[in-house]
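Enquirer: following is a predicted model, sequence given first.
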Amino acid sequence: MGMPVVHFEIIGAGPAKLRDYYGELFGWEFGVGDASSEKVSQPGTYGFVDGSTTGEGTGINGGIGGGRGHRPQVLFYVGVPDVEAALRKAESLGGRRLMGPEPESGGDFAVGRFADPEGNVIGVAGPSGRTQG
């Protein structure tokens, strides 16, 4: 069985304006806090969307974040059993690691990003695969 899409992100330089825009457009409500890493979003600017509150409770979780220095992008995250192993496999198949696993300390939850051979950016999320030190 394949691995599921578990999260989406909309990143930009003005996360508060993006939250206002998508909140008005789609009726999304946000819980604002910190992303898993400052490489994903500036602290205190990440707006979490609970998928159980969208699409009659059938939506996926997501977030809107970023801030100064973050380039605009939309991406999705696939749930994997080991972020480091998934990034290594992506590289072995012709992709390029862009980030991660983050946080670098390892642990139960981390994220990573890679570019596929065409340059599309995809995220992976799950245990980091790195040992805590």
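Expert: Received it, and whenever you're ready, just let me know what you need.

Enquirer: which strands or helices does the helix or strand of the chain with the lowest mean pLDDT pack on?
Expert: When the helices and strands of the chain are scored by mean pLDDT, DSSP states H and E, strand 31-33 comes last with a mean of 89. Packing partners of strand 31-33 (3 or more Cβ pairs under 8 Å, 6 or more residues apart in numbering; DSSP states H and E): strand 46-49. For glycine as for every other residue, the C-beta is placed from the backbone atoms N, C-alpha and C.

Enquirer: so which elements touch the strand it packs on?
Expert: Helices and strands touching strand 46-49, by 3+ Cβ pairs under 8 Å, 6+ apart, are helix 15-26, strand 31-33, strand 61-66.

Enquirer: let's have the ones you listed in a markdown table, adding distance to residue 121 and mean neighbour count.
Expert: A markdown table is the format used below for the helices and strands packed on strand 46-49 (distance: least, Cβ to Cβ, whole Å; neighbours: other Cβ atoms under 10 Å):
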| stretch | distance to residue 121 | mean neighbour count |
| --- | --- | --- |
| helix 15-26 | 17 | 15 |
| strand 31-33 | 23 | 13 |
| strand 61-66 | 14 | 23 |
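
Enquirer: any chance of these in JSON lines, plus distance to residue 51?
Expert: Formatted as JSON lines, these follow (distance: least, Cβ to Cβ, whole Å):
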{"stretch": "helix 15-26", "distance to residue 51": "12"}
{"stretch": "strand 31-33", "distance to residue 51": "12"}
{"stretch": "strand 61-66", "distance to residue 51": "4"}
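
Enquirer: could you tell me the least trusted of those?
Expert: When those are compared on average pLDDT, strand 31-33 comes out lowest at a mean of 89.

Enquirer: so what are the sheet partners of that strand and their directions?
Expert: strand 46-49 (antiparallel) (DSSP bridges).
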